[in-house]
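*Asks:* my questions are about this predicted structure, shown below with the sequence.
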Amino acid sequence: MYIPKTKETDNSVIEFIENVENVKKREDAYRLLDIFTETTGFQAKMWGPSIIGFGTYHYKYDSGHEGDAALVGFSPRKAKISLYFATGDAKRDELLTDFGKHTAGKACVYINKVADIDVKVLEELINQSIRFLKELYPDD
């Protein structure tokens, strides 16, 4: 049976951020913590050792694989800051055109610093991701 590596933990979000070595990245992490908390209305939780997640949803794939994940989140990694939004949402790509300096993968959007992006678009991305996931995986 598959056991997901990234699960919600009781680890301290503040302690994790305080251990971010780069001062500017630590400051950005606190800024993102405020933005995500205010936008989602959810309390920040650690997911695995390095992802700060907000809210949760239960997914179940056609293959039978299922689990729980954060609705949205971020991680102040050494190279870049990773932002976690829903995958498969075409509106995400539309919003990213006005987002600012970033690169995007399947599940993550990567930024160097908060100053490089439009915070209003970030808030829209957060809200859109939550809407998309709640429609895709409605509560039973």
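*Replies:* Perfect, I can see it now. Bear in mind the structure is a predicted one, so any value in this text is a computation, not a measurement. Residues are numbered from 1 along each chain as shown.

*Asks:* which helix or strand contains Ile126?
*Replies:* helix 119-136 (DSSP states H and E).

*Asks:* strands of this protein, residue ranges please.
*Replies:* 44-47, 51-54, 57-60, 66-69, 72-76, 81-84, 103-104, 108-111 (DSSP state E).

*Asks:* strand partners of the longest one, parallel vs antiparallel please.
*Replies:* Meaning strand 72-76. Take DSSP bridges as the rule and strand 72-76 pairs in its sheet with strand 51-54 (antiparallel), strand 81-84 (antiparallel).

*Asks:* same check on the fourth one?
*Replies:* Strand 66-69 sits in its sheet next to strand 57-60 (antiparallel), going by DSSP bridges.

*Asks:* show me what counts as buried in the strand it pairs with.
*Replies:* By neighbour count with 16 or more other CB atoms under 10 Å, strand 57-60 contains the buried residues Tyr57. Every C-beta, even on glycine, is put in place using the N, C-alpha and C of the backbone.

*Asks:* other residues contacting it?
*Replies:* 66-69, 71, 133-134, 137 (CB atoms under 8 Å, 6 or more residues apart in numbering).
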